[in-house]
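A.B. asks: here is my input, please return the structure:
(one chain, ligands or ions: 2)
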Amino acid sequence: MIVTVTYNPAVDQTIQFDEQMAPDRVMRADEAQFDAGGKGINAAQLLTAMDRPCVATGLLGGFTGSFIRETLQGDGVETAFVDVDGTTRLNTTAIAAAEEYKLNQAGPTVGESVVDSLLERVRAQSPDRVLVGGSLPPGLSPDAIDRIAGGGDWETIVDTGGDVLRELDAQYGLCKPNRTELGDATGADVSTVEGCADAADTFRERGFDRVLASLGADGAVLVGDEGRLYAEALDIDVVDTVGAGDALLSGVLSAWEAGADDETALRTGVAVSSQVVKRAGTAVPDLNDIDSLRDGVTVRRL
Ligand SMILES: Nc1ncnc2c1ncn2[C@@H]1O[C@H](COP(=O)(O)OP(=O)(O)OP(=O)(O)O)[C@@H](O)[C@H]1O
Ligand SMILES: O=P(O)(O)OC[C@@]1(O)O[C@H](CO)[C@@H](O)[C@@H]1O
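C.D. replies: Ligands and ions are numbered 1, 2, ... in the order given. This next block holds a predicted model:
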């Protein structure tokens, strides 16, 4: 089973406008929605919807924290969160005339003792895999993720970016950078798919058994002991891409949990992510067609 750790959850507010953003005037939204978010939480929702045993953990506080807890419980997601004093952040995606603006808060400041409390929650579940997803709130350093990775005999998967990804120091089963994060972390030229696979290969030497690089509309690359695989994205009408990376990763993990090889896992990831980008926000989309979508994903070896 999988435990997800979200150190910095968020209520995702998605607002849609049918005109371009403009300064110095009131913009009135046509549609608005709130979802329980944060990368590990999104993954837990998707894994639960795909019938994979999963428990969502992380840090929650304030009215936004209560919203997330209630939403997950309503969706049948098992939870084991640690309460914090501050208020969980509210992140906003504004979709205006086909442009996407992502506005993420820093999150509440927390003390390092939360890592011990979280490790306790994780150990209590005896998971096979632990996914640590998203940014760190103020007060925590990359050591908070390394400590989860070194805290038990589970395989740790990490989905974080920026300096945090560069500074991780433990042994990981997988990391999932997007193209920008992969380029920033390696300094490599990631303008081509081959360049991304080369960068993923070098990144593996830093302690990651596999690297899953998400390339937006260009698809995804998975590099590991089974080889260098590239999957094209499906041709779909995109509404917003928030949570696309979490969906790709959830599809891959879901397939691995069912015993699939890397190629099938990559196909599944692309299929799940294509369903998520077709709709606004980060709520779980319709996953009934995943098997047929997966069969339509083109994969080649690089
Ligand atoms: N425009 C698109 N068309 C088709 N598929 C897409 C598109 N954008 C994203 N995807 C799918 O979603 C996957 C993940 O996308 P992306 O690389 O944008 O993730 P990300 O940057 O990690 O996203 P986030 O951080 O918001 O979760 C891609 O590998 C692809 O399968
Ligand atoms: O600020 P972070 O932690 O990097 O990303 C947080 C976030 O943007 O990622 C998810 C989509 O992947 C959203 O649910 C959430 O708001």
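A.B. asks: so what's the closest residue to ligand 1 within the chain closest to, chain neighbours aside?
C.D. replies: The nearest approach of the chain to ligand 1 comes at Gly245, 2.1 Å away (C-beta to the nearest ligand atom). Any C-beta I mention is one placed from the backbone N, CA and C, and that applies to glycine too. In space, and not counting its chain neighbours, Gly245 is closest to Ser214: 4.8 Å by C-beta to C-beta, 6 or more residues apart in numbering.
A.B. asks: in the helix or strand containing Ala200, what's buried?
C.D. replies: Assigned by DSSP states H and E, Ala200 belongs to helix 193-204. Buried residues in helix 193-204, counted by 16 or more other C-beta atoms under 10 Å: Val193, Gly195, Cys196, Ala197, Asp198, Ala199, Ala200, Asp201, Phe203, Arg204.
A.B. asks: next, the buried residues of stretch 6-19.
C.D. replies: By neighbour count on 16+ other C-beta under 10 Å, the buried set for stretch 6-19 is Thr6, Tyr7, Asn8, Pro9, Ala10, Val11, Asp12, Gln13, Thr14, Ile15, Gln16, Phe17.
A.B. asks: tell me if I'm right that the third one and Gly38 touch.
C.D. replies: Yes: in terms of C-beta atoms under 8 Å, Asn8 counts as a neighbour of Gly38; the distance is 6.3 Å.
A.B. asks: what do the two both touch?
C.D. replies: Common neighbours of Asn8 and Gly38, using C-beta atoms under 8 Å, 6 or more residues apart in numbering, are Gly58, Gly134.
A.B. asks: for this structure, which residues are neighbours of ligand 1?
C.D. replies: 178, 214-217, 219-220, 233-234, 236, 238, 241-246, 248, 270, 273-274, 277 (C-beta under 6 Å from any ligand atom).
A.B. asks: now the buried members of those residues.
C.D. replies: Looks like the residues of the chain next to ligand 1 have 178, 214-216, 219-220, 233-234, 238, 241-246, 248, 270, 273-274, 277 buried, using 16+ other C-beta under 10 Å.
A.B. asks: Ala96: neighbour count?
C.D. replies: 17 (other C-beta atoms under 10 Å).
A.B. asks: which residues does the helix or strand containing the residue of the chain closest to ligand 1 contact?
C.D. replies: Taking DSSP H and E as the criterion, Gly245 maps to helix 244-257. By C-beta under 8 Å, 6+ apart, the surrounding residues in contact with helix 244-257 are 2, 39, 42-43, 46-47, 50, 52, 129, 131, 133, 157, 159, 176, 178, 212, 214, 216, 220, 222, 264-273, 275-277, 282, 290.
A.B. asks: next secondary structure after it?
C.D. replies: By DSSP H and E, the next helix or strand past helix 244-257 is helix 262-277.
A.B. asks: now the very next helix or strand once past that next one: how far from the chain's centre is it?
C.D. replies: Later in the chain than helix 262-277, the nearest helix or strand by DSSP H and E is helix 290-295. Averaging C-alpha coordinates over helix 290-295 and over its chain gives two centres that are 21 Å apart (C-alpha atoms, centre = their mean, to the nearest Å).
A.B. asks: buried ones in helix 290-295?
C.D. replies: Neighbour-count burial for helix 290-295 [16+ other C-beta under 10 Å]: Ile290, Leu293, Arg294.
A.B. asks: can you pull the contacts of the last one?
C.D. replies: Listed by C-beta under 8 Å, 6+ apart, the contact partners of Arg294 are Thr264, Arg267, Thr268, Val270, Ala271.
A.B. asks: on that earlier part again, in strands, which of the buried residues of stretch 6-19 appear?
C.D. replies: Among the buried residues of stretch 6-19, the members falling in strands (DSSP state E) are Thr6, Ala10, Val11, Asp12, Gln13, Thr14, Ile15, Gln16, Phe17.
A.B. asks: near ligand 2, from these?
C.D. replies: Ala10, Asp12.
A.B. asks: may I ask which two of the ones in strands among the buried residues of stretch 6-19 are separated the most?
C.D. replies: Thr6 and Phe17 (28.7 Å; C-beta to C-beta).
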